[in-house]
Structure formats: C-alpha cells, structure tokens
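Chemist: below is the sequence, then the predicted model.
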Amino acid sequence: GAQPGRRLADDAVLPAWMRPMVDRLDGATLPRWVLHATPPAPDDARRSAVLMLLANGATGPDLLLTQRSALLRSHAGQPAFPGGALEVGEGPVAAALREASEETGLDPDSVIPAAMLPPMYLRPSRFVVRPVLAHWRTPGPVRPVDPHETDRVVRVPVAELADPAHRGTVVLRPGGDRGLQRELRTPAFDVAGLVVWGFTAGLVDLLLEWGGWAVPWDRDRVLAPAGWPVDARR
C-alpha cells in the first residue's frame, strides 16, 4: 500500500504553530481528491523530492516558493517548491535540502526537516514525488542561483495564501498541446505576482488544511497563469 506521512522531528524543536500540522501528517494518507489525481506509479517511475519550507516571517509563518526558469524543458515558468530527482543512494530529505540549496542558496544546516508527506505520482513527468515539510529555524538570504533553472525565489506569508481574495481555480481544457483527455481543475493562488497552480497549489491547499489555516473560498473564481491562451480563462 501507499506509504503514509511520517514525523521527522520532535515538537520541542518546532514552533507552536507547526506542531498540530506535523501531528496530523504523522501516519496520514492522502485525501480522496488527491488520490484521484495521483494514479499508481509504474515500477520505472523516477524518484524525486520537494522542500515545503516554512519560516517565522515578519507577519507570521511564510512559505518559500520558486518560479522555474522559462528555459526549462518541463514545467517551464511555473511556480514550484524547490526540488528535483534523487541521486544514487540519496533519500528524499537529503535530495530536497540539496536541491533547495542549489536553487535558492539557502543553508541546509538552517533547516529542520519536520515531516514527510505521502509520496505522489506525477504522470506528466513520470516522477514519484516525496514532499518534505520543514522549519527554517534561521532564515537567511535566498536568490535564484542559476537563471537557467530558477527565475524567482519568494517567501509568501501563509495569511496571504489563506486569504480568499488570493484564491481561485485553474481550469485546463481537454485536447490542445497538453493532450488532456478530460477537463482538469486545480486549486490556484494569486500571490507575489505569480499564479500558483497544479501539483504545487494542491500541496499548498493541503498545507493550509493540515495547518488549520484554511478558510472558505470561491471555487468558481477562475485564475489563469500569465501567457496562457484566452480559452484557459473561461
């Protein structure tokens, strides 16, 4: 069966606002709507990890996000969590920290890995992704280290992500260059000059739920990432 979420750190080393989330994650399985979007992975699927990094910001908790370079072959220009493929002999936590350091310049020693989410399979890229939730105990400067990989690095307040004014849905139509068989709808967030959607937005949505930060929002409000054709906005 699928691997459940797993705690990686004791409450004593985590801020009070993060402890309930880690408790909920420990032993958790994915909600039904995520499972519908996460088919069983084939045996030859590649393994990867992403870092969901929360810090004590100036106005409360904030979340580190990147915008992938427009030059990349896959998911070009999309907002994302730092992350990438596991190297030989590497586990998800080590991979998530290494990739985050390579993409944003953060110091891995400043990060406390708090929990691992259940693995999720992304059919378009054939990756099994293990998200690693972590606390940035001593935040430092971050930047796009390699412009061929990353366009922007931002810290977005959780309060902004939870605000219904910044929430909506992205709708992908069947056919077109994405080759979809049916309409696909994902949560979306309009923050920091980015429209976060797809897999990353699904993880942010889970984070708000598990953190007790979620509030009702208008699921009929359609958002469209910059540069999309007009039909994506309908």
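Modeler: Perfect, thanks for sending it. Numbers count the residues shown, from 1 in each chain.

Chemist: so which bits of the helix or strand residue 93 falls within are buried?
Modeler: Using DSSP states H and E, the element containing residue 93 is helix 92-104. Buried positions in helix 92-104, judged by neighbour count with 16 or more other Cβ atoms under 10 Å: 92, 93, 94, 95, 96, 97, 98, 99, 100, 101, 103, 104. Placement of C-beta: from N, CA and C, glycine included.

Chemist: which strands or helices does the very next helix or strand once past it pack on?
Modeler: Using DSSP H and E, the helix or strand that directly follows helix 92-104 along the chain is strand 111-116. Secondary-structure packing of strand 111-116 (3 or more Cβ pairs under 8 Å, 6 or more residues apart in numbering; DSSP states H and E): strand 6-7, helix 19-25, helix 92-104, strand 127-136.

Chemist: the same query, at a cut-off of 6 Å, please.
Modeler: helix 19-25, strand 127-136 (3 or more Cβ pairs under 6 Å, 6 or more residues apart in numbering; DSSP states H and E).

Chemist: partner strands of that strand, with direction?
Modeler: strand 6-7 (antiparallel), strand 127-136 (antiparallel) (DSSP bridges).

Chemist: chain center to the shortest one, what's the gap?
Modeler: Between the centre of strand 6-7 and the centre of its host chain there is 17 Å, according to Cα atoms, centre = their mean, to the nearest Å.

Chemist: do the same with the last one
Modeler: Centroid separation between strand 127-136 and its chain, computed with Cα atoms, centre = their mean, is 8 Å.

Chemist: between it and helix 92-104, how many degrees?
Modeler: If you take axes from the mean of the first three to the mean of the last three Cα atoms, to 10 degrees, strand 127-136 sits at 80 degrees to helix 92-104.

Chemist: how far does the helix or strand following strand 127-136 sit from the chain's center?
Modeler: Downstream of strand 127-136, the next assigned helix or strand under DSSP H and E is strand 150-157. When C-alpha coordinates are averaged (Cα atoms, centre = their mean), strand 150-157 and its chain have centres 12 Å apart.

Chemist: may I see the buried residues of the very next helix or strand once past strand 150-157?
Modeler: Following strand 150-157 in sequence order, the next helix or strand is helix 158-162 (DSSP H and E). Buried positions in helix 158-162, judged by neighbour count with 16+ other Cβ under 10 Å: 158, 160, 161, 162.

Chemist: quick revisit: any chance of TSV for the helices and strands packed on strand 111-116, columns distance to residue 7?
Modeler: Formatted as TSV, those follow (distance: least, Cβ to Cβ, whole Å):
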stretch	distance to residue 7
helix 19-25	6
strand 127-136	10
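
Chemist: so which of these gets nearest residue 47?
Modeler: Comparison of those against residue 47 by Cβ to Cβ identifies strand 127-136 as nearest, at 5.5 Å.

Chemist: burial of residue 188, as a residue count?
Modeler: Neighbourhood size, residue 188 [other Cβ atoms under 10 Å]: 27.

Chemist: by contact count, what packs against the helix or strand where it lies?
Modeler: Applying DSSP H and E as the criterion places residue 188 in strand 184-191. Counting contacts by 3+ Cβ pairs under 6 Å, 6+ apart, strand 184-191 is packed against strand 167-172, helix 198-210.

Chemist: quick one on the thing from earlier: can I get the helices and strands packed on strand 111-116 in a markdown table with mean neighbour count and distance to residue 4?
Modeler: Listed next are the helices and strands packed on strand 111-116 as a markdown table, based on neighbours: other Cβ atoms under 10 Å; distance: least, Cβ to Cβ, whole Å:
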| stretch | mean neighbour count | distance to residue 4 |
| --- | --- | --- |
| helix 19-25 | 18 | 9 |
| strand 127-136 | 25 | 12 |
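
Chemist: between these, which gets nearest to residue 86?
Modeler: Counting by Cβ to Cβ, and looking across all of the helices and strands packed on strand 111-116, nearest comes strand 127-136 at 8.6 Å.
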